[in-house]
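Student: Sequence and predicted structure below; questions after.
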Protein chains: 2
Amino acid sequence: MASRRLLLLSNSTNYGAGFLEHARITIRSFLGTNVREVLFVPFAAVRFSYDDFTAKVRDRFAESGYAVRGIHDTADPVKAVGNAEAIAVGGGNTFHLLKRLYDTGLLEPLRERALHGAPYIGWSAGSNIASPTIRTTNDMPIVEPPDFTALGLVPFQINPHYTDAVLPSHGGETRADRLLEFVEVNSNMPVIALREGSILRVEGNEVTLLGERPARIFVNGLEPYEVDPEVSLQFLMG
Amino acid sequence: MASRRLLLLSNSTNYGAGFLEHARITIRSFLGTNVREVLFVPFAAVRFSYDDFTAKVRDRFAESGYAVRGIHDTADPVKAVGNAEAIAVGGGNTFHLLKRLYDTGLLEPLRERALHGAPYIGWSAGSNIASPTIRTTNDMPIVEPPDFTALGLVPFQINPHYTDAVLPSHGGETRADRLLEFVEVNSNMPVIALREGSILRVEGNEVTLLGERPARIFVNGLEPYEVDPEVSLQFLMG
């Protein structure tokens, strides 16, 4: 796994900013100057087309000089993954994304490629599926994937879009309640909860939090605690 | 299916009120005076024990003169379901609840009993599983049931704890976004979204919304719309 390079964004769009705008410089520095084309996986899209999603990503990446190709638009998607210089997986519905990866037989090829050679960029659902399973997604299970097992590019769970908000006059669980339930029944699996704007960069076994805000760590048997950007998160690698 | 009698609550606890307090009179009128004991299913509990959950429900039902027995506390749970005078299924995590019903082989017996004779009361996760599937749950998929298929006591989906809230400075989907995604990919399945405090009463093929607030209907191809309490919702029965 030593060659994995991952950039895992909590969200695509900061409040009041443009699509992927908060991550533009980070993405450019992560992909560098050798990558020319990024293979994009738009399968999390539900209420807009894969073409539209890909066009939106293409426009943004073009500003940094990268071409973007939609995986749905390749003659042989498995081969396209095998040859990808870099991979990007967009947000939307995590169940929809994972089901489509199973249906197309692309889960294993993507895992192989991301663990051995191709830099991987994900946001929201695309970050979620870098975890061992999708058990920490915030999304509604609108479709049923054959299994919750995901890419497992890291040995811990990510919760994107983490929020401390408590809805007024509402009896539903807070996000922290949900993640405490997760670690209660998944006692060996830590979770890093990424607030809006946060990014996790993984290079081999090094994990670094980027952005302005702390992330929250949930581990069975411990009170949840905060970690600051730029400090070592090596302990998450187990 | 003509003999089904269901009372499906959005939530157990209104803001500022006690546990099941807002539903006390409705529950009493629903169960009537012939029911003496309610069989309670506490399997949605994750961070508290089935015993504690059952004790809490027992205290509340005792005020109206009903005894409560926890299904985890019976020698033969399948037989207990078959003999139940009434069934109550509590809230918590919907995935946890459904997985436990599969693991214990109780899903089918519960469905049979609720469709043919025993009044069924559910709240939150307990209302969600009265739907054909759990695809409209708000909960985190912390465990993996073998299937999303649920009790199917009604031919439509329920979304409990419905909220119109939009989190400030947050890029996550609103509840309406999520349900619009659901009907996009489940085009023949309507959803009734129940706000806090709302209750759905089903008697045979009659469906009535109880409470102070309108519910929201999501149907593929239509703008979401509101329905008021006490008007006929027969169209949901298909």
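Tutor: Yes, it's here. Since this is a predicted model, take the numbers as computed values, not measurements.

Student: Distance check, A:Asp228 against chain B.
Tutor: 20 Å (CB to the nearest CB, to the nearest Å). The way it works is simple: take the backbone N, C-alpha and C, and place the C-beta from them, glycine included.

Student: Can you name the residues that contact that residue?
Tutor: Listed by CB atoms under 8 Å, 6 or more residues apart in numbering or on different chains, the contact set of A:Asp228 reads A:Leu209, A:Pro214.

Student: Quick check, pLDDT for it.
Tutor: The score at A:Asp228 is 97. That number is its pLDDT.

Student: Equivalent analysis for A:Arg5, please.
Tutor: pLDDT at A:Arg5 comes out at 98.

Student: And the helices in chain A?
Tutor: A:24-31, A:50-62, A:77-83, A:94-103, A:107-115, A:125-128, A:175-185 (DSSP state H).

Student: other SSEs contacting the longest one?
Tutor: Counting contacts by 3 or more CB pairs under 8 Å, 6 or more residues apart in numbering or on different chains; DSSP states H and E, the secondary-structure elements packed against helix A:50-62 are strand A:37-41, strand A:67-70.

Student: what's next to the first one, contact-wise?
Tutor: The reference is to strand A:37-41. Contacts of strand A:37-41 (CB under 8 Å, 6+ apart): A:31, A:53-54, A:57-58, A:61, A:66-71, A:74, A:80-81, A:84-90, A:97, A:101, A:106, A:110, A:121, A:126.

Student: show me the contacts for A:Asp147.
Tutor: By CB under 8 Å, 6+ apart, A:Asp147 lies in contact with A:Tyr102, B:Glu144.

Student: Relative to A:Thr149, how far out is the residue nearest the centre of chain A?
Tutor: Centroid check for chain A by CA atoms, centre = their mean gives A:Ser127 as the closest residue, at 0.8 Å. To A:Thr149, A:Ser127 is 16 Å away according to CB to CB, to the nearest Å.

Student: ditto for A:Leu222
Tutor: According to CB to CB, A:Leu222 and A:Thr149 sit 26 Å apart.

Student: out of the two, which sits in the more crowded spot?
Tutor: It is A:Thr149, of A:Leu222 and A:Thr149, that has more neighbours when counted by other CB atoms under 10 Å in any protein chain shown, with 17 against 10.

Student: Nearest residue to the more buried one in space, please, no chain neighbours.
Tutor: A:Thr133 (5.6 Å; CB to CB, 6 or more residues apart in numbering or on different chains).

Student: which ones are touching that neighbour?
Tutor: A:Phe148, A:Thr149, A:Ala150, A:Gly152, A:Gln157, B:Glu144 are the contacts of A:Thr133 under CB under 8 Å, 6+ apart.

Student: For it, give me the pLDDT.
Tutor: For A:Thr133, pLDDT reads 98.

Student: Could you do A:Met1 as well?
Tutor: Note for A:Met1: predicted pLDDT of 49.

Student: if I look at the residue lying closest to A:Ser198 once chain neighbours are set aside, how far off is B:Pro224?
Tutor: The shortest distance from A:Ser198 to any residue other than its chain neighbours is 4.2 Å, reached at A:Gly211 (CB to CB, 6+ apart). Counting by CB to CB, the gap from A:Gly211 to B:Pro224 is 35 Å.

Student: for A:Gly126, same thing?
Tutor: From A:Gly126 across to B:Pro224, the span is 28 Å (CB to CB).

Student: Looking at the two, which is more packed in?
Tutor: When A:Gly126 and B:Pro224 are compared for neighbours, A:Gly126 comes out ahead with 28 against 14, by other CB under 10 Å.

Student: Surely A:Arg201 touches A:Ile27?
Tutor: No - the pair A:Arg201 / A:Ile27 is not scored as a contact, 10.6 Å apart, by CB atoms under 8 Å.

Student: ok, back up a step: how far away is the residue nearest to A:Thr149 from B:Gly126?
Tutor: Between A:Thr133 and B:Gly126 the distance is 25 Å, computed by CB to CB.
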